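In: mind folding the following:
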Amino acid sequence: MVKGVSKQAVIIPSPDPKKFEQAIFIVSGEAEHGIGSANEMLDLACQLASRYTVPAAPLRKASGRRSASGRLRRTLVPVFSFLLGSGATALVWSLLLNT
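Out: Purely as a prediction, here's the structure:
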């Protein structure tokens, strides 16, 4: 048996699409929920949206040139990680096969 629940939803389009596209409120079934007009709901939506969002991280300046130490580190770390992992695997296999 399937039971249904009826809820009243209010969908408010945003006046400023940079903040949010739309706000969807599921209104409580109580007679007095404390929110009267659409403007009050929109204000509440803006407050809630600002509470649950974080500011965007600042963009890094894209420079075409990297320092020599940065390029070296980006190359050598993966190479040494691969060599260390390969050496450890070879050591374990050789110990297992010699027993």
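
In: so who does Gly85 touch?
Out: Neighbour list for Gly85: empty [criterion: CB atoms under 8 Å, 6 or more residues apart in numbering]. Bear in mind the C-beta positions are built from the backbone N, C-alpha and C, glycine included.

In: quick check: which ranges of the protein have low pLDDT?
Out: 1-6, 28-36, 38, 59-66, 99 (pLDDT under 70).

In: for it, which segments count as strands?
Out: 8-13, 22-27 (DSSP state E).

In: buried residues in the last one?
Out: Which is strand 22-27. Going by neighbour count (16 or more other CB atoms under 10 Å), the buried part of strand 22-27 is Ala23, Phe25.

In: let's have the strands of the chain in a markdown table, adding distance to Pro55.
Out: A markdown table is the format used below for the strands of the chain (distance: least, CB to CB, whole Å):
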| stretch | distance to Pro55 |
| --- | --- |
| strand 8-13 | 23 |
| strand 22-27 | 20 |
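
In: wait, which of those is closest to Ser81?
Out: Closest approach to Ser81 among these (CB to CB): strand 22-27, 47.0 Å.

In: ok, the nearest residue to Leu48 once chain neighbours are set aside - contacts?
Out: Leaving aside its chain neighbours, Leu48 sits nearest to Ala23 (7.7 Å; criterion: CB to CB, 6 or more residues apart in numbering). Counting by CB under 8 Å, 6+ apart, Ala23 touches Ile11, Ile12, Ser14, Met41, Leu42, Ala45, Leu48, Ala49.

In: now do the domain split for the protein, please.
Out: Domain segmentation of the chain under automatic domain parsing yields 8-51, 68-99.

In: which of those domains is buried the deepest?
Out: domain 8-51 (a mean of 11; mean count of other CB atoms under 10 Å).

In: that concludes my questions; thank you for your assistance.
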